[in-house]
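Student: coords below, sequence missing:
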Ligand code: ZN
């Protein structure tokens with residue numbers, strides 16, 4: 001278990017196209033464990049590998065129902081619409097309005113490289129869309145409507161700055 005440093009907006013790693021995971025090695029398992037620890041430590045609902053500097057197609061999400069590990073995830077179906085505020089651990093203290101589908105169906109592989117499908121609505125749908133965007137170097141501010149706002153939500157962090 002280890003907390004990794006979360007890369008902040010402006011770091012070029014957040015703009016990279018991530019690579020598919022071909023095999024779950026010991027290093028990948030450790031990375032995923034660390035990503036989950038780092039997400040919880042920062043009070044986030046999701047974290048993508050590039051946010052800890054690793055250009056691989058891995059995200060972790062927890063909207064309150066336990067951790068979801070998604071390796072090589074893809075969105076299969078998206079419908080409906082939700083409009084609301086969104087934040088990102090790589091843009092601490094900020095938020096903006098983003099339109100997202102209200103329902104998504106996605107597929108991914110788990111840590112044993114077993115294929116699975118998952119459906120989510122509302123916050124889970126938003127988190128899946130947000131985190132999968134990270135794997136293509138897309139940030140919510142690219143999709144934001146209106147201005148970036150200060151958020152009352154500040155991840156606990158003892159970073160310098
Ligand atoms: Zn994010």
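Tutor: Arrived safely, thanks for sending. Worth saying up front: this structure is predicted, and the values here are computed from it rather than measured. Residues are numbered from 1 along each chain as shown.
Student: Helices of this protein, start to end?
Tutor: Using DSSP state H, the helices of the chain run over 26-41, 122-134.
Student: Now mean neighbour count and mean pLDDT too, for the ones you listed, in JSON lines please.
Tutor: The C-beta positions use only the backbone N, C-alpha and C, and glycine is treated the same way. JSON lines is the format used below for those (neighbours: other C-beta atoms under 10 Å; pLDDT from 0 to 100):
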{"stretch": "helix 26-41", "mean neighbour count": "17", "mean pLDDT": "98"}
{"stretch": "helix 122-134", "mean neighbour count": "22", "mean pLDDT": "98"}
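Student: Now render these as TSV, adding distance to residue 8.
Tutor: Formatted as TSV, the helices of the chain follow (distance: least, C-beta to C-beta, whole Å):
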stretch	distance to residue 8
helix 26-41	13
helix 122-134	13
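Student: so how far is residue 83 from residue 71?
Tutor: Using C-beta to C-beta, to the nearest Å, we find residue 71 at a distance of 30 Å from residue 83.
Student: Longest strand of this structure, counting residues only.
Tutor: If you go by DSSP state E, the chain has its longest strand at strand 68-79.
Student: returning to that earlier point: what's the closest of the helices of the chain to residue 102?
Tutor: helix 122-134 (5.9 Å; C-beta to C-beta).
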